[in-house]
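J.: mind folding the following:
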Amino acid sequence: MRTHSLFDRQTNLVLSLLAAAAILVPAMNGLAPPGSALHLSDHLVPLLGKYVCFALLALSVDLIWGFCGILSLGHGAFFALGGYAMGMYLMRQIGPRGVYGDPILPDFMVFLNWKELPWFWYGFDWFPFAALMVLLVPGALALVFGWFAFRSRVTGVYFSIITQAMTFALMLAFFRNDMGLGGNNGLTDFKEILGFPVQAGSTRIALYVLSVLALAGGYLLCRWVAGSTFGKVLVAVRDAESRTRFLGYRVEHYKLAVFALSAMLAGIAGALYVPQVGIINPSEFAPANSIEVVIWVAVGGRGTLAGPIVGALLVNAGKTWFTAALPEFWLFALGSLFVFVTLFMPRGILGAARDLWERSSQKLRARRSPQPVTHAAE
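T.: Numbering: from 1, shown residues only. Down below sits the predicted model:
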């Protein structure tokens with residue numbers, strides 16, 4: 001049986017590019033003079049960090065969709081929950097520096113005449129607890145939701161619909177002021193993280209580098225899962241779930257495990273996203289956001305791991321340009337891109353590039369192979 005090395009050609013290329021990004025962006029921001037063409041302005045650093053967080057989110061979706069056939073249209077919920085866990089920690093770090101000067105209650109609670117801190121806010125003034133919640137809250141929701149769904153053998157489009165209903169329900173709940181999470185305004189006005197000012201240039205660089213490292217770690221984790229025996233069973237579930245169950249595998253256990261792992265990766269992406277953009281609100285739960293993540297994966301190439309990273313970076317870079325130059329045409333452009341990829345590049349950008357490379361290699365080998373010499377009959 002052929003074994004696949006963790007550090008294959010694609011993995012080495014991805015890690016090399018991420019290492020270059022982690023080195024070049026801080027260098028271009030801090031070392032290149034402001035007037036130079038190589039200088040990267042301060043506002044672009046968190047923007048690039050946001051793109052990297054989106055790439056990690058797309059990677060988490062590819063793990064379940066590309067390798068297990070689970071199409072989730074609610075992964076934005078796990079992303080937002082991780083973001084809220086980090087936002088709660090950042091709010092607790094404000095202390096008396098808020099508008100109302102209350103050392104315990106965030107400003108929005110003082111404004112709404114809250115008398116004491118809700119019980120679920122306790123512990124978020126300690127970073128290790130908040131980091132643990134970044135993983136546990138999305139993971140626990142995925143376990144509970146997935147246990148009921150997979151145990152009932154809900155699959156295909158039906159599963160996609162109920163994941164979309166889940167994130168929509170959470171969005172409506174988080175819009176309520178009595179939830180104690182800021183209502184429609186969300187959590188914002190962050191001051192510091194681990195004692196460092198959030199708005200400082202050095203902090204933004206550090207958060208960007210941490211995001212790149214998280215993406216590299218997430219890629220290696222997904223690559224290891226995909227190449228393991230566990231990953232082979234996931235592919236079998238994707239291709240022939242009934243046959244895999246007939247062979248004695250507890251399919252629901254495999255799907256539940258990978259769904260929870262994917263949710264925790266999305267939570268990490270959300271936690272890194274919040275301090276870089278400076279706000280988290282219920283709009284992150286919007287079903288349209290989760291659908292957009294699926295488009296990133298489809299554009300880059302489902303089931304390739306590297307493809308979703310490329311898709312997330314390219315689509316969000318295009319979104320930034322379109323929303324600044326032609327904001328009214330962005331949704332049309334996004335829809336047209338998805339239709340084009342579905343019809344003409346069903347394997348995404350990376351899949352199309354691989355096909356082109358294989359065809360070129362075959363033609364090159366055919367030209368180099370010696371042709372049989374034929375002798376005319378005398």
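J.: got the contact list for G201?
T.: N29, G30, D42, V45 (Cβ atoms under 8 Å, 6 or more residues apart in numbering). Yep, even glycine has a C-beta here, placed from its N, CA and C like the rest.
J.: which intervals of the protein have sub-threshold pLDDT?
T.: For the chain, applying pLDDT under 70 flags the ranges 1-5, 370-378.
J.: if we can go back for a sec, which of the contacts of G201 count as buried?
T.: The neighbour-count test (16 or more other Cβ atoms under 10 Å) marks N29, V45 as buried among these.
J.: okay if I get the contacts of G201 as a markdown table plus distance to V137 and secondary structure?
T.: Output for the contacts of G201, formatted as a markdown table (distance: Cβ to Cβ, whole Å; DSSP: H, G, I helix; E, B strand; the rest coil):
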| residue | distance to V137 | secondary structure |
| --- | --- | --- |
| N29 | 33 | helix |
| G30 | 35 | helix |
| D42 | 32 | coil |
| V45 | 28 | helix |
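J.: mind listing what M86 touches?
T.: Contacts for M86 (Cβ under 8 Å, 6+ apart) come out as A130, V134, G270, A271, L272, V274, P275, I280.
J.: if we go to 10 Å?
T.: Each residue near M86 by Cβ atoms under 10 Å, 6 or more residues apart in numbering is listed here: 124, 127, 130-131, 133-134, 187, 190, 193, 267-268, 270-275, 280.
J.: give me the buried subset of those.
T.: The neighbour count (16+ other Cβ under 10 Å) marks 124, 130, 133-134, 187, 190, 193, 267-268, 270-275, 280 as buried among the contacts of M86.
J.: which of those fall in helices?
T.: A130, M133, V134, G267, I268, G270, A271, L272, Y273, V274, P275 (DSSP state H).
J.: the residue nearest in space to the middle of the chain - nearest residue in space that isn't next to it in sequence?
T.: Nearest to the geometric centre of the chain sits L57, at 0.6 Å (Cα atoms, centre = their mean). Ranked by Cβ to Cβ, 6 or more residues apart in numbering and with sequence neighbours excluded, the top spatial neighbour of L57 is A269, at 4.3 Å.
J.: the one you found contacts G83, doesn't it?
T.: Yes - counting by Cβ atoms under 10 Å, G83 is a contact partner of A269 at 8.6 Å.
J.: which neighbours do those two have in common?
T.: Common neighbours of A269 and G83 (Cβ under 10 Å, 6+ apart) are C53, V134, P138.
J.: how far away is the first one from L364?
T.: In this structure, C53 and L364 are 40 Å apart, going by Cβ to Cβ, to the nearest Å.
J.: the more surrounded of these two?
T.: Applying other Cβ atoms under 10 Å to C53 and L364 shows that C53 carries more neighbours, namely 30 against 10.
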